[in-house]
Structure formats: structure tokens, C-alpha cells
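Colleague: give me coordinates for this.
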Amino acid sequence: ISSTAHLRIVPHYLGWNDPGTAFSAVIQLGTLISVLFYFSDDIRRLFIAILKSLKHRNIGHSEESLMAWAIASGTLPIAILGLSFREFIETEARTLALIGTSLIILAIGLMIAERVGRKSKKMHDLSFWNIQCIGFCQALALIPGCSRSGSTIMGGLLVGLERNEATRFSFLLGLPAISASGLLELNNLISNGLGQQETTNLLIGIIAAAVSGYFAIGFLLRFISKYGTDAFSIYRILIGLAIIYTTW
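Modeller: Okay, here's the model as predicted:
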């Protein structure tokens, strides 16, 4: 449903200042922590596979090795586009009209993916190009309202992943992007000087994101596996329409 969009929407309607892209990116480090804990076994296997592939100088050393390197390359689209359009993302892309529109468009994309995806593949069935396709979908999340997890789950369903597998892979694919953007923005904030209040706000945000994120992952895996993503799509459409109505 896009945490970045909600971090822009809620302060606006409560009369608060926009926290900005930096704050949004840094508190995502809390989400990163929750993913590292929840998927620790998967991450450990992928990390070991990378080390073995480097040792043997063979990317195709194993299925885990292929997936690990494909995840790394699947992060390139969001990294390249994020750096290329950083100014736009931090300014024009944060308008409420665009956020409302993005919420609706991705909701429609998710609904289409639910109906056309074969939903038969496991993560180890993904080809290199399947993962690149999901990686390009992840780049949509640069626009607030698109949702990184929503766009990658959509991409996973479109290439044929089972719902549960699409959700799991969405979290794994997001690790490099969330880490890089969060640490980059944290470094920028520290370089510009963080006051005590800003530091406290960030710590509270990171801790809250870590705790809520851990429980949210388990809920999402169970809910989406059983019911699909339509409930989230409907919520996105309703919120998107409400935003557009109140801003026009």
C-alpha cells in the first residue's frame, strides 16, 4: 500500500510538514532489520552461495548462486533510475495528485497480475530474465504511491510465481535497494548535521518500522497466500480517489 505515500499523506492532512524522502528512506532501515531477521535462513544461503561462486569463479555454481547474482543485477534498474531522477523524485514526484494517481494505477496493475499470472512457479524456477523483469517493476517504487513491495509482487505474479513465493521474493529483492537508499540518506543527514530531536525521531521511526515490519511480513505471507492482493488494491483505489478528490 506504499509506506512512502502514507508518510507523505498523513502529515499533509494532519497539518504537519512533509518529512521528505530522506526521512522516509532512513526509517526503511527498520524494515530492512525485520526482513533480515524474518528471512535469515534464506539470506544466509544466498550469502554463502555468493562466496562459493566467487571462490570457484562460477556464477552458476548453484541455484542459490544464480538467484543471488540475479537479485544483485535486478537492483540495477532502481539504482540507475533513482540516481538519474533523484531531483524529480524528491520534489515533483511527491505531489499528492501524482501519489493518488500512482496508488490507483498500481492497484489496477496488481489486479491484472492476479488474473493473468499462472501462479505456478517457485523462487528457484525463476530465470535470470524473470528476475530482471521484477527488478524493472521495483523501479516503479521510486514514485511515491507505487509501493516497492506492491510493484515487485505484481512483477512476480506476472512472471508466474505463486502468491506466497512472489511475496517472499519481493522482500529478498528489496534488500540491496533498501540498504543502499537508507544508508545513503542517513549519511547525508549526518553530514548536514542532525539535531537531538531529529535523531530521536529517526530512532523511534526505525524501531517502530522494525517491530511492526516483522509482524507485518508474517501477516502478508499468510493473507496474500490465502486471499490474494485484491483487498490491498481496493484500499489503494479508495485512498487514491480520496486524495485526488481533495486536492483538485
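Colleague: going by C-alpha atoms from here, please, whenever you check contacts or count neighbours.
Modeller: Fine.
Colleague: does anything pack onto the longest helix along the chain? Which helices or strands?
Modeller: Of all the segments of type helix in the chain, defined by DSSP state H, the longest one is helix 196-227. The contact analysis (3 or more C-alpha pairs under 8 Å, 6 or more residues apart in numbering; DSSP states H and E) places helix 196-227 against helix 20-38, helix 163-192.
Colleague: any idea which of those helices gets closest to residue 204?
Modeller: helix 20-38 (8.7 Å; C-alpha to C-alpha).
Colleague: okay, buried residues for the longest helix of the chain please.
Modeller: Buried positions in helix 196-227, judged by neighbour count with 16 or more other C-alpha atoms under 10 Å: 202, 205-207, 209-210, 213-214, 217, 220-221, 224-225.
Colleague: could those go into JSON lines alongside pLDDT?
Modeller: Formatted as JSON lines, the buried residues of helix 196-227 follow (pLDDT from 0 to 100):
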{"residue": "202", "pLDDT": "91"}
{"residue": "205", "pLDDT": "92"}
{"residue": "206", "pLDDT": "94"}
{"residue": "207", "pLDDT": "96"}
{"residue": "209", "pLDDT": "93"}
{"residue": "210", "pLDDT": "95"}
{"residue": "213", "pLDDT": "93"}
{"residue": "214", "pLDDT": "95"}
{"residue": "217", "pLDDT": "94"}
{"residue": "220", "pLDDT": "93"}
{"residue": "221", "pLDDT": "93"}
{"residue": "224", "pLDDT": "94"}
{"residue": "225", "pLDDT": "91"}
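Colleague: please identify which pair of those lies farthest apart.
Modeller: 202 and 225, at 32.8 Å, using C-alpha to C-alpha across the buried residues of helix 196-227.
Colleague: so what's residue 67 up against?
Modeller: Going by C-alpha atoms under 8 Å, 6 or more residues apart in numbering, residue 67 touches 46, 124, 128.
Colleague: and it, how far from residue 206?
Modeller: With distances taken as C-alpha to C-alpha, to the nearest Å, residue 67 is found 29 Å from residue 206.
Colleague: same deal with residue 125?
Modeller: Taken as C-alpha to C-alpha, the span from residue 125 to residue 206 is 34 Å.
Colleague: got a list of what the residue positioned nearest the centre of the chain touches?
Modeller: Against the mean C-alpha coordinate of the chain, by C-alpha atoms, centre = their mean, the closest residue is residue 148 at 2.8 Å. By C-alpha under 8 Å, 6+ apart, the contact set of residue 148 is 2, 138-142, 174.
Colleague: nothing else from me, thank you.
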